[in-house]
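[1] build me a model from this:
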Amino acid sequence: MAKVFVANNSGVLVDNENIEGVRGIDYQLQREQFEVGALGTHERVAVYYGMNRVRARLRIASAHPKLDKLAETGSVFQIVANLKSGQVTRSVAFDECYMEKKEFAMNASGHGETIYSFSATRVREEDA
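    Next comes the predicted model:
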């Protein structure tokens with residue numbers, strides 16, 4: 001059965017500090033893949049893997065001073081998203097993160113939103 005995590009019950013920590021105003025988090029884990037072709041044919045005979053790449057974005061209502069400072073300084077940090085679905089929880093930890101980009105947008109009928117894009121050395125998912 002699918003686990004449907006609910007944003008209202010979930011939370012995000014940056015270096016163990018609760019981040020208020022989180023509008024969303026999304027991430028991508030991509031593994032380098034190399035193909036080995038057979039001699040004398042057009043077919044693949046093996047695949048081997050290289051480095052993992054983790055890219056993520058954290059969307060915040062308006063802005064957050066801690067994340068703004070990390071965007072300025074280039075310091076390493078950790079993000080932990082604690083996702084909840086009823087009694088089921090999942091912890092998604094992003095280790096050794098570096099801020100890559102900060103974007104801000106605001107429209108006439110809403111409030112400001114900042115998107116903090118970052119990379120991580122690894123992502124760990126643990127169900128409780």
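[2] tell me where the chain has helices.
    65-73 (DSSP state H).
[3] point out where it drops to low pLDDT.
    1 (pLDDT under 70).
[4] quick one: the strands in it?
    11-14, 17-18, 22-37, 44-61, 77-85, 88-105, 113-120, 122-127 (DSSP state E).
[5] any chance of these in TSV, plus mean neighbour count and distance to residue 71?
    Every C-beta, even on glycine, is put in place using the N, C-alpha and C of the backbone. As requested, the strands of the chain are exported to TSV (neighbours: other C-beta atoms under 10 Å; distance: least, C-beta to C-beta, whole Å):
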stretch	mean neighbour count	distance to residue 71
strand 11-14	18	12
strand 17-18	10	15
strand 22-37	12	16
strand 44-61	14	11
strand 77-85	18	11
strand 88-105	15	4
strand 113-120	19	7
strand 122-127	12	20
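[6] among those strands, which comes closest to residue 2?
    Nearest of the strands of the chain to residue 2, taken as C-beta to C-beta: strand 77-85 at 9.1 Å.
[7] list the neighbouring strands of that closest one plus their orientation.
    Strand 77-85 has its sheet partners listed here by DSSP bridges as strand 11-14 (antiparallel), strand 88-105 (antiparallel).
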